[in-house]
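*Asks:* A predicted structure for the sequence below; I have some questions about it.
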Amino acid sequence: MQRVASLVLVLCLTATLSSAAYVADNNVDAEEAAEVAEPQVLLVDNSLSAGRVVPYQNKAAVGWGWSTRRPSPSTRRPSTRWPWASRGQTTTRRPTTTRRPTPTTRRPTTTTRRPTTTRRPTTTPRSHDQSITWGGVYPYDVQLATRTVYKAASWMQVNTLNVDINAQYATIHCIQVVDQLQTGKNAVVSLTGGGVGQRSARLRFDSKRGEPISYLVIVWGK
């Protein structure tokens, strides 16, 4: 019985010592983990407004294997590929082309007004001048001949008259036959021989039935 009691006592002591050693080992591991997991991390805050660097301490580590994250910086480095995609970088855009406004042309509004006063059209008497001219007067021309052609009217008869003009040492440039009646009932004049560029001319006058013949013939030349 004594042997059994001593054996039981030895076993109890052995178990007690092993448990104490295990607890001591756990305490040492916990202290080492705390020493390893509690580093003093100093981070830099770039205070742009104050113009200085201010260190600050992060929160304490919790448990074994916990790692601290680096704080994201306030400004990112501009990428070399896409420089406009970085923060804090101002991109310059090309100015948009402004279109010129198209001018709107309006049609002028025309208002038609009624005339306040209505005038009767003045009727001018119809001209019955039967004068006729052949050729033209040139500078330094002179009158080669002047003749009045007249024949009284005969009742219900047609009068005929021939007039010959001769310029022996000159050339005829113009022949003017001036109507003396201005009634439209004078005789019909025709050039039957000679004329402009010649030294003689022959004129024929045919009156209307029962009407006179009244003309003035002027010949110009040089």
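*Replies:* It's in.
*Asks:* show me where pLDDT drops low in the protein?
*Replies:* 1-2, 4, 17-93, 95-97, 103-105, 108-127 (pLDDT under 70).
*Asks:* Run through the helices of the chain in chain order.
*Replies:* 2-37 (DSSP state H).
*Asks:* Give me the contact list for stretch 178-195.
*Replies:* Among residues not part of stretch 178-195, those counted as contacts by Cβ atoms under 8 Å, 6 or more residues apart in numbering are 127-132, 134-135, 150, 159, 161-162, 165, 172, 175, 177, 200-208, 211-218. From N, CA and C alone the C-beta is placed, and that goes for glycine too.
*Asks:* State the number of residues packed around Ile213.
*Replies:* For Ile213, the count of nearby residues is 22 (other Cβ atoms under 10 Å).
*Asks:* All the strands of the chain, in order from the start?
*Replies:* Along the chain, counting by DSSP state E, strands occupy 42-47, 52-57, 132-135, 142-151, 160-166, 172-179, 188-194, 200-206, 213-221.
*Asks:* Out of those strands, flag the one nearest Pro101.
*Replies:* Minimum separation from Pro101 across these (Cβ to Cβ) falls at strand 42-47, 50.1 Å.
*Asks:* Let's have the strands of the chain in TSV, adding distance to Pro101.
*Replies:* Listed next are these as TSV, based on distance: least, Cβ to Cβ, whole Å:
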stretch	distance to Pro101
strand 42-47	50
strand 52-57	55
strand 132-135	65
strand 142-151	75
strand 160-166	79
strand 172-179	68
strand 188-194	73
strand 200-206	77
strand 213-221	71
